[in-house]
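Novice: Sequence isn't available, so here's the structure alone:
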């Protein structure tokens with residue numbers, strides 16, 4: 001499995017931002033106010049992934065007092081990390097789209113000022129999920145994989161031709 005590419009996350013965020021901006025622009029008058037802590041779940045998931053990453057890293061590095069990691073567990077953690085980073089990027093884009101619409105309206109419409117705060121909390125929470133997911137993915141690398149560019153294109157099971 002290859003590391004998550006920043007361009008994939010940026011693309012997902014841009015698509016999420018554009019779609020949400022258009023949606024909010026079309027329907028803002030009919031939407032209820034956004035709760036201030038609407039995006040806080042993403043922050044909790046980001047923190048959980050950082051904690052999981054730290055625990056797995058210690059086990060992968062075989063620090064004293066830790067059990068070795070089952071390879072299937074590490075593979076599942078990487079899968080969760082890759083999915084979470086993509087979901088976090090999409091949500092960061094969505095919150096950015098909301099923020100892009102309500103921020104200029106904050107001085108004119110009282111509800112938009114409250115929604116601006118909720119969008120900022122959501123954006124920060126989504127970015128924390130992306131960061132936590134990337135950290136978890138990095139922590140799941142084996143000690144041999146520290147420099148992925150040094151083994152790019154090489155298959156260690158095959159002798160050189």
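Specialist: That came through fine. As the structure is a prediction and not an experimental result, all values here were calculated from the model.

Novice: Which parts of the protein are strands?
Specialist: Using DSSP state E, no strands are found in the chain.

Novice: Tell me how far the residue most central in space within it lies from residue 48.
Specialist: The centre of the chain sits closest to residue 130, judged by CA atoms, centre = their mean, with a distance of 1.9 Å. For residue 130, the distance to residue 48 (CB to CB, to the nearest Å) stands at 14 Å. Every residue, glycine included, has its C-beta placed from N, CA and C.

Novice: Please name the residues that touch the residue nearest to the centre of the chain.
Specialist: 9, 46, 84-85, 88-89, 92 (CB atoms under 8 Å, 6 or more residues apart in numbering).

Novice: If I look at the nearest residue to it once chain neighbours are set aside, what pLDDT would I see?
Specialist: Sequence neighbours aside, residue 88 is the residue nearest to residue 130 in space, at 3.8 Å (criterion: CB to CB, 6 or more residues apart in numbering). Reported pLDDT at residue 88 in the predicted model: 98.

Novice: Residue 88 - how many residues pack around it?
Specialist: The local packing of residue 88 (other CB atoms under 10 Å) involves 27 other residues.

Novice: Show the contacting residues for it.
Specialist: 42, 46, 126-130, 133.

Novice: And for residue 45?
Specialist: Neighbours of residue 45 in contact, by CB under 8 Å, 6+ apart: 84, 129, 132.

Novice: Make JSON lines out of those and add neighbour count and distance to residue 114.
Specialist: Listed next are the contacts of residue 45 as JSON lines, based on neighbours: other CB atoms under 10 Å; distance: CB to CB, whole Å:
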{"residue": "84", "neighbour count": "23", "distance to residue 114": "28"}
{"residue": "129", "neighbour count": "26", "distance to residue 114": "23"}
{"residue": "132", "neighbour count": "26", "distance to residue 114": "27"}
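
Novice: Which of the residues you listed sits closest to residue 17?
Specialist: Nearest to residue 17, judged by CB to CB, of the contacts of residue 45 is residue 129 at 15.9 Å.
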